[in-house]
Structure formats: structure tokens, C-alpha cells
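# next comes the sequence, and after it the predicted model I'd like to discuss.
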6 protein chains.
Amino acid sequence: MAKTLYVINPNSNTAVTAGIDAAMDVLRQNDGPRIECVTLAEGPPGIQSQQDVDHAAVLVRQFAQARAEQAAGFVTACFSDPGLHSLREIPGVLSMGISEGAALTALTMGNTFGVIAILQGSIARHMRAWAAMGISSRVAGEVAIGRTVAELSDAPATLAAMIAAGKDLRDRLRADVLVMGCAGMARYRDALQQEVGLPVVEPSQATVAMALGRIRLGW
Amino acid sequence: MAKTLYVINPNSNTAVTAGIDAAMDVLRQNDGPRIECVTLAEGPPGIQSQQDVDHAAVLVRQFAQARAEQAAGFVTACFSDPGLHSLREIPGVLSMGISEGAALTALTMGNTFGVIAILQGSIARHMRAWAAMGISSRVAGEVAIGRTVAELSDAPATLAAMIAAGKDLRDRLRADVLVMGCAGMARYRDALQQEVGLPVVEPSQATVAMALGRIRLGW
Amino acid sequence: MAKTLYVINPNSNTAVTAGIDAAMDVLRQNDGPRIECVTLAEGPPGIQSQQDVDHAAVLVRQFAQARAEQAAGFVTACFSDPGLHSLREIPGVLSMGISEGAALTALTMGNTFGVIAILQGSIARHMRAWAAMGISSRVAGEVAIGRTVAELSDAPATLAAMIAAGKDLRDRLRADVLVMGCAGMARYRDALQQEVGLPVVEPSQATVAMALGRIRLGW
Amino acid sequence: MAKTLYVINPNSNTAVTAGIDAAMDVLRQNDGPRIECVTLAEGPPGIQSQQDVDHAAVLVRQFAQARAEQAAGFVTACFSDPGLHSLREIPGVLSMGISEGAALTALTMGNTFGVIAILQGSIARHMRAWAAMGISSRVAGEVAIGRTVAELSDAPATLAAMIAAGKDLRDRLRADVLVMGCAGMARYRDALQQEVGLPVVEPSQATVAMALGRIRLGW
Amino acid sequence: MAKTLYVINPNSNTAVTAGIDAAMDVLRQNDGPRIECVTLAEGPPGIQSQQDVDHAAVLVRQFAQARAEQAAGFVTACFSDPGLHSLREIPGVLSMGISEGAALTALTMGNTFGVIAILQGSIARHMRAWAAMGISSRVAGEVAIGRTVAELSDAPATLAAMIAAGKDLRDRLRADVLVMGCAGMARYRDALQQEVGLPVVEPSQATVAMALGRIRLGW
Amino acid sequence: MAKTLYVINPNSNTAVTAGIDAAMDVLRQNDGPRIECVTLAEGPPGIQSQQDVDHAAVLVRQFAQARAEQAAGFVTACFSDPGLHSLREIPGVLSMGISEGAALTALTMGNTFGVIAILQGSIARHMRAWAAMGISSRVAGEVAIGRTVAELSDAPATLAAMIAAGKDLRDRLRADVLVMGCAGMARYRDALQQEVGLPVVEPSQATVAMALGRIRLGW
């Protein structure tokens, strides 16, 4: 149990990593693995395109491979799960992606889930992922808040946009559960849940919680 | 965290409950909820039919409703998830079923999973459940070992039958992961995994691990 | 042909049973089985939750098992088909559920059907059922009228609500056929069909008609 | 009720029509519509290709249009349902196809059904039909007996081939129900069911039974 | 390469054929097959119903069979692909349908496509076709412009209706690509694409382009 | 038309590029774009894992971006379509992947296609891709020949293994069409088709043919 669960922020934005790291506190346990959140300094400033995802996939795998000895596991903490299936080719270590973990968690909380995406341009990519996972019939839809990385730093406006998207998912697309389609925004989760009145899945927390269970079981 | 996670064996077979309880030890933590495995004495001796499932569903809900105050959560620990959707109508407490939790865990371990069922007659019921969950495209298939409750007590023969079923799932149906379609048999998991050479999901452990994560997050 | 086709109203509301019974008159034939509509006095006053469905499932099976000798068949006449798969475990007798029979009938009347549900909270349960049946791609959607059991006794308001829901299914969700998602309301069928201009399936009638065909064939 | 339900054999083989007609006897009722089985003399001798189906579709529609006044309904009695969707464009009269009616009936008798096809070359056409109906997930598969029209007249050999196909569907493809993928062979149904031990759906009977129910309801 | 690729307009409207023919110019090559667009004089004036489709299917096959010797291939150029599967039974020659070719092309241009249909009554027929092809999950939906054959001759109004439908597909149904659900209207393609801002697939061009590739490869 | 269609072999094996290049000859036309097959010298020697795919995706995109000005289009010529969705983010140029193009072509040649894969370990990756494309229901299955890059140079043994795999896809999985799941092996296509008796799709040719059609149309 001296090993480390690496939660990899594949973009170079340390504020995002800090947001993830803070969200991990509730999951840290004395007898569990160390949870270390890392920033990939070579990564793109934000992951907004398939090009970014592919680039990040390579970096995530490189990082992981260098840490495989001391790793209890790896979580790729961007909602496009960059490098997930490459990580799974490293033998003897578990790997998870935060969109997968969020979706699987959401499936236990209602019949359909809706995703609050950051950018409209990411939705088709997410839809390909849900289809590849075979769970599209449980996806109510996605609504983007359409804010750039710079705009995301305006917290009240960002939360307001997420609440509006959440209400649209609830009322128009009949989602039973909301999934936050981004990493590092756990601080908005409670307000979002309260305002929209649906359960909200924060993907990094959901996924690390699943990973910790697997680590404890030794699977 | 003084609350209890109830793992409910909905049949009246205390040996099954003991098997589940032993499998929980690895998941028990000082700072986690108490994990209590209970036997429903009024339940059928084994859950082999839809009639048994429906009967168990009522009992599971009755049990849970009476414990809702002190409950951190409920897990219905039979592979037909009796009472799962009824449990989810109890507000303010999480509920999981072991086939659902096993399936969701298996989805992170390979492209398709195969289920080792106990009885041939249960497979159609399971198939309805996978379809209702919307994950049928990830199910390689199911193979039954075809042993009665009495015959299950012959451990070497039971393990041998599970290994044979696992190899059939691996070779004929191309499963990447095996799911044990029963509760209380965690003791066979390691041998099964070793003999078949595929990762094996024990459903009670997989599901309780997911539930513990949710409890820690307060979701 | 001296045997009886039991149409089981699994709730304790005798007005519902009377509504079903009246709707059977058109299906009664001299050379067919007796059609007997029964009320389960121990059932819940209305079936509004999964808990109610599970409870009703046990009662429906108990009733049927006691009548198996004299039964030509059983129809579980609540739109959640309580006990259907348990009834099917009784050998030598056919069993049908009214949501299944309604859906299969609707599939022959248009490309997609929409369901007028009573309560919003039942829709997720119905959606699980359509998915388990493997026919989700033919379901345009469901719209609830949101009326309590007490409010349903106001006939004009109930019909108006059903018409509004039917028009929403027609115009927004592009349903080709309407299915009434409730038992005992056959008296509204003609007005609903006329007002909305789509064919309307009344589930008890549709299902009993299918059952009578099977009985005549001896299947 | 003085109207006629036309069961249209779209091929020119009067022996097939006679087989269908005999199978209707059990469904004929004093207070029901007249059931008239007709042969389309201009039709192909057997319907073995898409070309045959398209040709038959035109003939079936022509026949029906000329009889629309006196018709209680139309059943296109070839397993490729020639003309079905064209028939449905004739207002005020119900139309059914025997593969659709057989499939919908089979869905109430087990989780998956298997089809005993006559020719290997028809299977892809059937598969397109199941997909168009949205029920592919309930189809275990199809097995062809591979006998020409001439060879079909050898009754013992034909029955033996159907039994062999049925056992293959049962054992290899795990079908719960068998559907006879042809018209006019109702006389083999009981032996087939007895030998294979699965419920068998004869498509003309299944479909006419459904149509009679709809006619009685006036839908 | 002296052979001919026949593009068959199965209706009797020579203006439609002329529209298709003009759209072929860009695809004609010195070293490619002759592309001949033909009108089926016996065909219906427009293909608006399943009855029309079935009728056209027979005519298309008759035409093709008579030309099989000199044919490099056949394209059935109506958006319901009349006769497509019958054409494919002619050995040694390739056959394509324009809705199939349009859809397959659209799949390479975005995640989902929307179809601009001419008549509301055709949409269910198209939906059956997408389901039979197994690609329904990529179809955003269809919107009909609802103009009769006579009204289609008013070019500005027709284009305006297509633009309106395209914007509805883009904004409400979130289509990434538009498919023109008709033959002979290639002249509207560029304006439609420019006004709506989504890539537009003209089905005859898309399909003949695919056919020419197959012919060149000799497949 | 002075522009170039780049067919990118993302591995560093020039023999593979030469194989692709030879297969392009039949598609080269005087009035078409130049077709240039390139080797990515930095690419992995063969693309055998998700890690290889992700690495190749970055290289393919880098190559394309540098050539965007002079490009008529890009084809990523490895059966895992590395970089396809990233290429599609480059505005004003079409991009295709050879597994996508092969699959779409195969869909016009039979009801289901089977894939001859090189390595067993690639099949799950392909299955994710078919699911993401939404066409899984048309995939009969995949069979791997299980030969390493070194072993592939033994042409007779490789062809024999492909024939054996093709027959298995034909007989056991009932594929109607075969897709060669690799680039650079067009020379085996005719023998494979002849020996197995099913139409065979060579993916680079199929995809470049589709791309050439799009280029000619200016889409």
C-alpha cells in the first residue's frame, strides 16, 4: 500500500490540477494508496480538440510508463480519457479514465444521464466515446456551456452557465443525473446539484473512488 | 460514518452470507462504515426463479425500510438484484445490486465480459437485465454450470465446473473478463482467474467497493 | 374451452377492475374461454412505484398458482406487467402482460409509438421495460399526465390531460401510434383517438385479444 | 362482421394456399369475419428472391385494393411480408404480414427466437426485416433447411430437416422459441414442437389470430 | 470500360432525370464508364408512397435485367432505393441506391446526419431503411419540406423550404451533415450548404461517385 | 486538380508503403489528383497496440498539417485509422481512414462483413471503432491470422492464413463480405476472393476510391 495512485491532469494548467487535488482529499485514507495529482507540463494548455487528445494520449502513456513500478494505478483526468486504452496495455496496473468512471457511476444513479460539456466541439467526440462503450442508450444528451479557458476563471458566470445547462438537460432532454464533463471543477458540484435538483457526478472523484476500490481488492 | 452498509443476502442460506461476509474483510476500514452482511430468514433457500426474485424483492425492501435511519447504504447481494429499483425509491440512501456493480466493474477491465451462471434457467433473466441496463453489446454471453444448491457444496467439483465454464466463455464466446454470476463464492475467485487466465469479477466485492466510494463522497 | 382467462387487476381498486371488465365485453365469445376480471384485495390501492410493482408481482403469482388448474391463461393488467415473468414459470398456461401486449400491437400500427403515462415517476420504469424487451428504437417517448388516483376520478379533466399528452407525443416526439399507459380507462379510447387523430391502443383489450388468439390455437 | 379477412398467398402454388386454409379452421368462428385464403395466380411459383418479393408486393396490393370495400383485413402470407407496408397505405382496413405477426407472437413466448428458413439466400433478407422492425436483439439466428420447392413435397424429409434445423437453433444459437419461416406448413408444427422441445410459432396462424383480435376490437 | 453505368430515375418525370444528368457531368471521365441517366416511362410520376416504391422496384429490375450485358453498374436514383436488393441479385454487376450511398458518404463527414425529406409520409419509410442498414444511431432525424411535385417546380420557394428544414435539422436535431432526401435537385446543393453552414450530401452524386470507384477497382 | 491526395502509411515500414502504392495504380487518373503514398519514418515499425496508434495519430496530424496547402486530401492508411478525427479538424480538406472506408464499402456488398485481422490483440480495438461508428450490427466478427511483422514476409504462409481466416468468417460467423484488416496487402486480394468465394474489400483501395469521388465533387 506504499504505492501511488497517479491522477494525471494531461493539460499544463496547474489550476486544474489543484482543483482535482483538492477534490481528492475526501478520498485519501491512511491505509490507502498515496493519491498524487500531477500536471503534464508538456501538455496543451487545455484539451479542446481531437488533436489535443491524441497529443495528451502520448504524454499520459509516457508519464505512466516511467512510473509503472511505483504505481498502484493511473487515472487520466480529462473528460476525453486521453491515453486510457494505451494505459491499459501496461501490465499489472489498473487504469481508469474519468469520463468512463463518471458514466459508470451515473448509471447507478438514474435511468439516463446528461453531460455538461465545456465546448460544443467536444460533444461529437464524447458521443463517439459513449457509442464505443456501448452505453449510448443511457445518455440523455449533452449541453455545452461554451466558455473558453479564459472565461472559465470567472467562477460565478461559469457556475451560472453550468446550472443553465443542467436545467436544460433536466427539462428538455429529461436527464435523471448530471455528469460534469470536465476535470477540476468539483467545487461547483454541490451548488449545481442543489440548484438543478438532480444528482451530480464529479468525474475525477467518481473515477478515483472506483479505482481505490479496485486497488483495495487487489484486482 | 457510524452508519452501516447493509449487504443483504436475500436467501435464507447462512453459508452464503458467511461467504459474502468473509469476502468483505478486505474492504472493511476503520474510518469507513460498518459493513454488515445479513441473511433474510424468510427468503427462499436459494434464488433460482423469477418467483424467487420477486419474493426476495419484497423482503429486501422491507428489511431496508426498517433500517433506513441507520443505513449508510444497501447492497442486494443476489445476482438478480432483487429489489434494487425499489430500494432506490428510499430517499437519502444509496442502493446497489451486485449484478449491476459487477457488470460496471467488468466494463473497465475488457471489451466484453462473460458470466458464469449457476443455472441455465437464470440466463434469460440476466439477459433481460443487461438489456434493461443498455449494456448488452458488451456481454459476450453466459454459460451455466448447472449445479443445484446441494451440489454447490462440493467445492472441488464446483470450482472445476466454473473453470470449464470460464474457458468456454474465453474460447468460444471470446470474453475478455469473467463475472461470477453468484454471491458467496469469492473463495473461488483467485483459482478461477489463475486457471482461465482472464480477470475475474466477484460481484459482491465489486459492488461493495463501488458503494463504499459513493459513501465516502457523500453522494 | 370451459377454462377461464383471468385478467388480474393487481391493485385493490374495484373501479379499475370494473373498467377493465366492461372493456372485455367486445372480446367475449360463446365458444371462447370465460374472461374473468379479478381484483387483488391485498394489492396496493394503485401501482405507482417499483415497490408497488414488486408487491403486486408476488400477489399476482400467488393468485395464479391457486387457479392454474382451471386457467386458460393469465393477464396481469397493470402497465408495469407485475409478475409477468413469474407467471411464465407456471407450466402449461399462457401468460401475458398488458404493457407487452399493447406494445406489440402498436408495432403493427405505425413506426413508433408514444405512451401516455399516468405519473412522471413511472416513465423510467417503463423505459427499462422497453429496453429489456429490445424494442426501445420503436418508442417515440412517454408523456405523463401527472394525475393522482384521486384526480383520475375527474373524467373530463383526465380525458383532457390525455388528449394534451397525446398531442405532445404526436407533435413533439412524432409518435405514429398512442398507447394508453394504464388499465381500466378504455372508455376514453375513442375520444382520445378522435381528438388526436392517431390510432390508440388500449392495453388490456390489445393484450386479451392476443391471449384469446393463443388460447384458440392451443399454444 | 359480414366482411372478409383475406389471407393472401402471393405465390401461385395452390398447395401452399390449401395448407394455409386448413390451418385457418381452428380460427374460424361463427361470429367472426369470413377467412378467405386466396392464391395469386400471377405470382411466382415460390418466393425465393427479392425480385420475387417485389413482384409479389405489387400483386398483393393490386388484389387488396380491388377488395378493399368488402375486406375486414388483409394478411400477406409469405414470410417476406410482400406488400405489407403498401397494404398499410390503404385507409380503413388493417393489414398484417406473417413474419411480423410470427415474430411479435414469439416475443411473448421466450427471450429469443430462432427461425427455420427454407433457403439460405433468404436469411439476409429476413435479417434486414428484423432490423427494420427494431427487434434484432431478440433474434437468436436463422438456420435454413435448404430444400427447393420440389424437394419440399417430400414430407418426411422436410420434417426431418426442420427438426434438425430446430435442434441447431436450440443447441448452438440458444433459441427459446422456434418460428417456422414459411407459409403453408402448419401440419408440421406439432411434430416439430414435440421433437425439439421448444414452443413453435406457425406464422399464418399467429398472424391471423392477431388480426382477428384487432377486427373484433374494431381497431 | 466501354460499358455503361445506368442511373435509373424510376419515376416518369424527365425533368428529374435531366436534373440528375446535369449533376453527373462533374463525374464523367474520358477513361471511365459512360454514365447514362434514364427515365422509366412506365414509372409513377413521382415516388411518394410504398406502393410507388414497390411498383418502381419491379420496373427498375426489369430495366436492369435487360441491360445487364452492357452494364458497368446500376444506380437506382430515388431516395427510397427501389429495387436495390433485387438489383443485387443480378450476378456480375454492381448496384447501388442513392439513399444508401448518400448515407455512407455522410457518415464520413460528421457524427450525425439529418435528412431533408420531401414528404412527411416518407419519413417512416426512410427510418425503416436506416434501421435495416443498422445505422440509425447516426441519424439525427428527418424534416420534410412538405411540397407536392407541382409545388417543387417553384424553385425559390423550394430552396427556401430546404434551407428552413436544414436549419431545423442543425439547430433542433443537432445534425452535423445534411442529406438531400430526393433526386434531381443538385442545383440547390451549394446554396443550401452556404445558407445552413453544414456540409450537404447530394445523393445521386455521392452514390455515383462511390459506384465509379468500385467500377475502376473492378469489384 | 494539381493538388495531391496523400496516403499516409503511419508506420516506418517502406515495404508496406510500396504495397499501398502499387495498389493505387488502378486508381490514378490523368485528370485526377496526384496520389502520393508516404512513409512516416518516425512511426513505429508496425502498428500493433493502442500505444502505437496514439503515437501514429500525432505523427499523421503533424505530417498533414505541414502539407495542408497542397493537399487535395489525406488518407490515414492503417486499419486503426490513427489520427482520423484529428485530421478532420483541419479545415478545407477531406480526410478518410482506411478501416472506415473499407467498412462503408463492405456495407454495400452484403449484409454482414467479417474482418481478417493480423493480431488477436487488435480485435477489441477494432470492435470499439465499429461501435463508435454505430455499425456493429453489420459486423459478423473478426478472426486474426496471428502473424508477426517478420512472419508476414512469408507470402505463401500469410496468404494461406488469410484464406483460412476468411473461410472461418464465412462458415462459422456467416460473413457475406471479407475486409482485409491491414494495409499494403492488396496483392493477396484476388486469390483470397477466389479461394473463399466471398467479395473481398482491400481497405486502402476502397478508401482512396471514395476520397477521389469526394475530391471530384469538390466536397
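Right, received. Where do you want to start?
# residues contacting the residue in chain A positioned nearest to chain D?
Closest approach between chain A and chain D, counting by C-beta to the nearest C-beta: residue A:137, at 11.2 Å. C-beta here means a position set from N, CA and C on the backbone, and glycine is covered the same way. Residues counted as contacts of residue A:137 (C-beta atoms under 8 Å, 6 or more residues apart in numbering or on different chains) are B:134, C:131, C:136.
# residue A:161 sits in which helix or strand?
In the assignment (DSSP states H and E), residue A:161 maps to helix A:155-171.
# output the contacting helices and strands for that helix.
Helix A:155-171 sits against strand A:113-117, strand A:139-144, helix A:149-152, strand A:177-181, helix A:189-196, with contacts defined as 3 or more C-beta pairs under 8 Å, 6 or more residues apart in numbering or on different chains; DSSP states H and E.
# ranking the ones you listed by mean pLDDT, which is last?
Confidence, taken as mean pLDDT, is least for helix A:149-152 of the helices and strands packed on helix A:155-171 (a mean of 82).
# filter the contacts of residue A:137 down to the buried ones.
Among those, those buried by neighbour count (16 or more other C-beta atoms under 10 Å in any protein chain shown) are B:134, C:131, C:136.
# which among those are in contact with chain A?
Among the buried ones among the contacts of residue A:137, the residues within reach of chain A (C-beta under 8 Å from any C-beta of the partner chain) are B:134, C:131, C:136.
# among those, name the ones in helices.
residue C:131 (DSSP state H).
# and the worst-scoring helix or strand of chain A on mean pLDDT, what does it pack against?
The helix or strand of chain A with the poorest confidence is helix A:149-152; it has a mean of 82 (mean pLDDT, DSSP states H and E). Applying 3+ C-beta pairs under 8 Å, 6+ apart, we find helix A:149-152 packed against helix A:155-171.
# now the helix it packs on: buried residues?
Under the neighbour-count criterion of 16+ other C-beta under 10 Å, helix A:155-171 has A:158-159, A:161-163, A:165-170 buried.
# for those residues, give me TSV that also has pLDDT.
Listed next are these as TSV, based on pLDDT from 0 to 100:
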residue	pLDDT
A:158	96
A:159	97
A:161	97
A:162	98
A:163	98
A:165	98
A:166	98
A:167	98
A:168	98
A:169	98
A:170	98
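# what does the model give residue A:1 for pLDDT?
What the model reports as pLDDT for residue A:1 is 49.
# hey, where'd the helices end up in chain A?
A:14-24, A:50-67, A:84-87, A:98-106, A:123-133, A:149-152, A:155-171, A:189-196, A:203-217.
# now for the fourth one, which elements pack on it?
Right, helix A:98-106. strand A:71-76, helix A:123-133, strand A:177-181, strand A:200-201, helix A:203-217.
# partners of the first one in the sheet?
Right, strand A:71-76. With DSSP bridges as the test, strand A:71-76 is paired with strand A:4-9 (parallel), strand A:94-97 (parallel).
# go through those and name the closest to residue B:216.
strand A:4-9 (14.3 Å; C-beta to C-beta).
# who's in contact with the closest one?
Under the criterion C-beta under 8 Å, 6+ apart, residues A:16-17, A:20-21, A:24, A:33-40, A:43, A:60, A:63-64, A:67, A:70-78, A:183-184, A:204, A:208, A:211-212, A:215 lie in contact with strand A:4-9.
# that one vs helix A:203-217, what angle?
Between strand A:4-9 and helix A:203-217, the angle comes out at 160 degrees (axes from the mean of the first three to the mean of the last three C-alpha atoms, to 10 degrees).
# buried subset of the contacts of strand A:4-9?
A:16-17, A:20-21, A:24, A:33, A:35, A:37-40, A:43, A:60, A:63-64, A:67, A:71-78, A:183-184, A:204, A:208, A:211-212, A:215.
# next up, the contacts around the residue nearest the centre of chain A.
Centroid check for chain A by C-alpha atoms, centre = their mean gives residue A:98 as the closest residue, at 3.3 Å. Residues near residue A:98 by C-beta under 8 Å, 6+ apart: A:75-79, A:81, A:183, A:203-204, A:206-207.
# ok so, going back, how far does the helix holding residue A:161 sit from the chain's center?
The chain centre lies 18 Å from the centre of helix A:155-171; the measure is C-alpha atoms, centre = their mean, to the nearest Å.
# just the C-alpha atoms of that helix, please, in CSV.
C-alpha atoms of helix A:155-171 as CSV (Å, rounded to 0.1, in the frame of the first residue of the first chain):
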residue,chain,number,x,y,z
ALA,A,155,-16.4,31.4,-11.3
PRO,A,156,-19.9,32.9,-10.8
ALA,A,157,-20.5,33.1,-14.5
THR,A,158,-19.2,29.6,-15.0
LEU,A,159,-21.4,28.2,-12.3
ALA,A,160,-24.4,30.0,-13.7
ALA,A,161,-23.8,28.5,-17.1
MET,A,162,-23.5,25.1,-15.7
ILE,A,163,-26.7,25.5,-13.8
ALA,A,164,-28.4,26.6,-17.0
ALA,A,165,-27.1,23.7,-18.9
GLY,A,166,-28.1,21.4,-16.2
LYS,A,167,-31.7,22.7,-16.2
ASP,A,168,-31.8,22.3,-20.0
LEU,A,169,-30.6,18.7,-19.6
ARG,A,170,-33.2,18.1,-17.0
ASP,A,171,-36.2,19.8,-18.7
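# quick one: contacts of it?
A:114-117, A:140-147, A:151-152, A:175, A:178, A:180, A:185, A:188, A:191-192, A:195-198, A:200.
# can you flag the buried ones in the residues you listed?
Among the contacts of helix A:155-171, those buried by neighbour count (16+ other C-beta under 10 Å) are A:114-117, A:140-145, A:147, A:152, A:175, A:178, A:180, A:185, A:188, A:192, A:195-196, A:198, A:200.
# residue numbers of chain A in contact with chain E?
Counting by C-beta under 8 Å from any C-beta, chain A comes close to chain E at A:124, A:127-128, A:131, A:136.
# of those residues, closest to residue F:110?
So of these, ranked by how close each gets to residue F:110 (C-beta to C-beta), first place is residue A:131, at 23.0 Å.
# for that closest one, which non-adjacent residue is spatially closest?
residue F:132 (4.9 Å; C-beta to C-beta, 6 or more residues apart in numbering or on different chains).
# any idea how many residues pack against that neighbour?
Per other C-beta atoms under 10 Å in any protein chain shown, the neighbour tally for residue F:132 reads 21.
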